[in-house]
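Novice: Here is a sequence together with a model predicted from it:
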Amino acid sequence: MKKTIIVACVMALLGGIFSLFMSGLWIAAVLPFIVTVSMQVKGRQGFGLGFLGIALLWLVLILLKDVPNHHILSTRMAGLLSLPNAALFILVNVLLGGLIGGLSGWSGAVMNKAFRKS
Amino acid sequence: MRKLIGVLPLVFTAVLVALLSRPIGELPALGKLLDPVTGCWANAESVSKNYNDKLNFEGLKAAVTVMFDDRLVPHITANNDYDLYFTQGYLHAYFRLWQMDLQTRAAAGRVSEVLGEKALKFDRTQRRKGMVYGAEQSLKEMEADPRSKQMLDAYTAGINSYINTLNFKKYPLEYKLAGFEPEAWTNLKSALLLKYMADDLTGSTDDIALTVLRDALSPEAFAALYPERLQGVNAVIPRDTIIQTPSLPIPTPPTDSIAFAHLKATDFEKTEEGKGSNNWALSGSRTKTGKPILCNDPHLGLNLPSLWYEVQMTAPGVNVYGVSLPGAPGVIIGFNENISWGFTNNYRDVKDFYLIKEASASTYWFAGKEQSYINRVEKISIKGKPDYFDTVRYTVHGPVIYDQTFHGPGGLNKPLAVTWMAHKPSNEVLALYLLNRSNQYDEYVTAIHYFLCPAQNMLYADKHGEIALWGQGQFINKWKGQGRYVMNGADSSTLWGDKIPVTENPHTRNPRQGYIASANQTVTDTTYPYWYNGTFHEFRAWRINDVLRNTKAATVEDMFALQNDVYSVLAANVLPVMLQNITPTAISDKERNYLELLGNWDYKLTAESKAATVFQIWWTNLYNTLWAKLYEQTPEPLRPTPERTMQLLKEGSPYLGNIRDAVIASLRNSIDSLDKLKKADRLQWYRAKNTSVRHLTKLAPFSFTNLKMGGWGNTVNAAKTDHGPSWRMVVQMGDEVEAYGVYPGGQSGNVGSKYYATFLDKWVKGAYYRLNFYTANTKPAAKYTWTINPKNK
C-alpha cells in the first residue's frame, strides 16, 4: 500500500514534467501504462496505482489554475454541468482523470500477466 | 488467446480516450474540454495576471507601445497608421477573437458550418439577403482608397499575427465548447461585420405588412392608424434649420396600379420592437461651464462578450478615444482633443421590396422585356451533413429574397426581390478614419459624408463650442410613397432614382434652441423637401426634449441622470385615461388592490416600483385588446405604433371600439399575470422585466440575469430584457476633455477572466467611469505595458 502511494506520487511528479509539453488526457492515457508495464505491476494494483497517480496529478494541475483564478472559471463551468459548486466540478474532473489513469494502469497490469505466464 | 485477452483492457482504454476526444451529439469533446493542461483550465486566468509583455511582430514598421490602465483599456501609441491599426487588430483578437469570428460567420451565413443543420434557415436568410454580396461591393470601394485599404490590411495582419500564435490550449473557451477552430481573418470579414451592423439597424422594414394592410383596411382607417408621419413629434432637426431648396426635382409618383403590388398573407409572426438609441448635445449656453456637453447611448443587444471594446489610439495626426467594434478598425463612437461625436439610428427606410413577375424558370419581366436572372449559387457547408446549395436569383432590383422555396413573412411565397442600400458600394471605414482625425466642423462633415449605410444621426460637439447633427446616410430621391409598400417589379418607374446629394441630408448646426437631441424619432418635419418614410420612435425624444428645454447650467451629473431617466411618457399620457374609464363599482377587491398601487405613482419605471409592473402589464393587455377587435377579420401583420395608439386613445377614436369595455376587460385579464408575479415575489419591475446581459451562446452560467435596474424601451434608460444602452458616454468639451463612460461588460471576452464583466455593476447602478484620455500633458502611469517591436528578419 505504502509502495503504491509512493509510486503514485512519483507518477504524478513525472506527469507534472510531461504536462509542460503534453496534454493531460494523453498523460492520463499513457503514463500509468508505461509505469505498470515497466514496473511489472500486476492485477488490481495496476488500476489503483494509475487512478491515484493521475487523480493526484490532475488535482494539483487544476488547483494550480483554479486558486489563482479565484474559482471564476470553475464556478461557471460547474454551472454548465449543472453542478452546485466549483469544488464538485473539480472533484468530477479529477475522478475522470483518475478513471482514465486507472484503466491505463489496469491495461498495463493485465498485459503483464498475460504475457509473462506464457 | 490469453494474450489477446491481455490486450483487451488496452483496447478498451484507447476507445474510451478516443470517445472523450470528440464531440458526441450536442456534447463537446469532454476529455479535451476537461483536460487540466489544455482544456478549459487553460482559460482560467490568474486574477493577479501580469499583462506586461514584450512582443515582436513581423510586418510592423516601427516600435509600438500599448499602455493598459486599471480597467484594462489599452492606450496604443504608434509611429504610423499601419502600426496603429495592426496593433488594434492584434488587441481585438487577443481579447475578443471568438465573438469576431462568430459574428462574421453569422453575417456571411456560415453558422451551419460550426453549429450544424439547426442554423441552416438562418444561413439561407443571410445568403438570400445578399449579405456577402453587399460586403463584396463595399470591400471593392474600401480597397480602392489607399487610406482605408492600408487600415484594413494592417488590421487584418494584426488579427492574423495573433491567430497564428494559437493552438488548442490557447483557444478561447467557446471554441473548446463548440468544437471548432479559428480561421484566418480577411478584409472581407471586416466588411461583413459592418454589413452585420447595417442589417441590424436597417434590416427590418414594415413594407410587406403595410402592403397587406393597405389592401385589407379602408383608406380612411389605414390613414388614421398608419399615418405616414405622426403629428406632434419633436423632430431631430429643428424646423428653423431645415434646408431650403432641393437641387433635384421631386419626382411624380406613377399611378397607383402601376406602382404597387398586392399581396395576401395571413400568418404573420409578431414583429420585434425596434432598437433604439439616444444622443444629445448641449451648447455652452445651457451648461454650467459654458462648454458643450455631448451624450450618447446606443441601444443594442446586451451580450457578453460585449459588442464594444474601449480603446485609445494615438499616432501622428490622430489621438482618439472611444469604443470600437471588434472586427472593424478605428473608433466608432468617441472623441479626440477637439471634437466628440455620437450615433443614433436614423431609421429612414433604405430597404425596399419588389414583386417579381416570373416569365420562365430563368427569366422575369421587366420594362416589357424578358430579362435573365443572374444566378449566384450559395454553397452552405453543414457540420456533419452534405453541403447545401441555394441558388439566389439576382434581378435588376437585387436578389430574390423570398420565393416558393423560401417563404417570406406571413407565409408569403411570391418572388420578392430586395433593393437595399447595404448592397451598394460604400466606404464606412474611410469615414471612421477621417472622423477619428477630424479637428473641426468642416472636417467632421467631410468625414461623415463617406458614411452611407446604416444611416445614422451623427451628433457633434467641439471644444470651440459648436454643436451639430447630420441625419447622414445615402438616400434616394423618391416619389411620394416609393418603397413604403412592396412595389411592382416589372415596371421601370418603380426603380430607385437619383441619389440625394449627401450635402442635402437633414442637418442642423448651432440651432437657436441651444441643444440637439435624437432618439430615433422622425428626422424632420414636412418642410424638408425630399420625401421619405421610416420606422420612427417618439417616446424617448419627447422626454429628452421636455427635459433639455428646461435645462440650464447643466453639469455632467445632470446628463448622467438623464441617461438613467425612467419617466414613461406613455404612462403619463395613457394611465389617466385608463383610470378615468374605471368605475369603482365595476371592479373586484383584488383589482382595486392593484389599482391602489397606481394611486400616487410618478410614472417612473424604477427598478423597485410595483406600480410600474401593474401599469406595464395592464397597458400591454389593453393595447392587445384594443386592436384585437379590429383585426378579427383581417390578418394582423403590424399593429399601429404605441405612439399612435396613445394619441387615438386620448382623442377617443372610433377605430378603438368601446374604450371603457377594453380598459375593464384588460384589467381583468391582467390579474392572473400579476398574481403569478406576486406569488413568485416578482412584482417589482426589475424582477418582472428581467433585464439580462447574456453570453452570445445564451449559456446561463456565463450570463447575468435579473439585473436590478429600471426603464424600458420607451424610457430614456431603455433597458429592455435583452436590449439596452450598450455604451453610455458623456463628454464635456473644453481645453481639457472631461469624459465619462460605461458599458455592460468588460474588456476581456474570456469567461475565465476577472475582466469578463467588470463594468456590469456600475452600469446597472447608472454609475460611470472617468475615462483616462492620455494627451501630451496628461499621461498617467500605466498598470501594464506592452512593448512591441518589429521582428528582425
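Specialist: Thanks, I have the structure now. Remember, it's a predicted structure, so these values are computed and weren't measured experimentally. Numbers count the residues shown, from 1 in each chain, chains lettered A, B, ... in the order given.

Novice: any low-confidence regions in chain B?
Specialist: For chain B, the stretches with pLDDT under 70 are B:1, B:265-275, B:633-637, B:793.

Novice: Nearest residue to the middle of it?
Specialist: In chain B, the residue lying closest to the centroid (CA atoms, centre = their mean) is B:Leu300, at 4.2 Å.

Novice: Might you report the residue contacts of that residue?
Specialist: Neighbouring residues of B:Leu300 by CB atoms under 8 Å, 6 or more residues apart in numbering or on different chains: B:Asp200, B:Lys275, B:Ser277, B:Leu307, B:His723, B:Ser726. C-beta here means a position set from N, CA and C on the backbone, and glycine is covered the same way.

Novice: Now go through those residues and say which are in helices.
Specialist: Among these, the members found in helices (DSSP state H) are B:Asp200.

Novice: Tell me how far the closest residue to B:Thr535 other than its chain neighbours lies from A:Met1.
Specialist: Using CB to CB, 6 or more residues apart in numbering or on different chains and skipping the chain neighbours, the partner closest in space to B:Thr535 is B:Tyr347 (5.2 Å). Distance from B:Tyr347 to A:Met1, counting by CB to CB, to the nearest Å: 76 Å.

Novice: In terms of neighbours, single out the busier of these two.
Specialist: Ranked by neighbour count (other CB atoms under 10 Å in any protein chain shown), B:Tyr347 and A:Met1 place B:Tyr347 first, with 27 against 7.

Novice: okay but that one is in contact with B:Glu538, surely?
Specialist: No. Counting by CB atoms under 8 Å, B:Tyr347 does not reach B:Glu538; the two are 11.2 Å apart.

Novice: For chain A, what is the nearest residue in the stretch 351-500 of chain B?
Specialist: Of all residues in the stretch 351-500 of chain B, B:Lys383 sits closest to chain A, at 20.6 Å by CB to the nearest CB.

Novice: Once you drop chain neighbours, what's closest to that residue?
Specialist: B:Gly116 (4.4 Å).

Novice: tell me the contacts of that neighbour?
Specialist: By CB under 8 Å, 6+ apart, the residues touching B:Gly116 are B:Ile382, B:Lys383, B:Gly384, B:Lys385.

Novice: circling back: spit out the contact partners of the residue of the stretch 351-500 of chain B closest to chain A.
Specialist: Contacts of B:Lys383 (CB under 8 Å, 6+ apart): B:Ser112, B:Glu113, B:Val114, B:Leu115, B:Gly116, B:Glu117.

Novice: State the number of residues packed around B:Gln150.
Specialist: Number of residues near B:Gln150 (other CB under 10 Å) recorded here: 17.

Novice: From one end of stretch B:125-139 to the other, what's the distance?
Specialist: End-to-end distance for stretch B:125-139, by CA to CA, to the nearest Å: 21 Å.

Novice: Over to stretch B:562-572?
Specialist: In stretch B:562-572, first residue to last residue: 17 Å (CA to CA).

Novice: Now do that stretch: distance to the chain's middle.
Specialist: From the chain centre to the centre of stretch B:562-572 is a distance of 21 Å (CA atoms, centre = their mean, to the nearest Å).

Novice: Columns distance to B:Asn488 and neighbour count on top of the contacts of B:Leu300, output as CSV?
Specialist: Below are the contacts of B:Leu300 laid out as CSV (distance: CB to CB, whole Å; neighbours: other CB atoms under 10 Å in any protein chain shown):
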residue, distance to B:Asn488, neighbour count
B:Asp200, 29, 16
B:Lys275, 31, 22
B:Ser277, 35, 27
B:Leu307, 39, 26
B:His723, 36, 20
B:Ser726, 40, 24
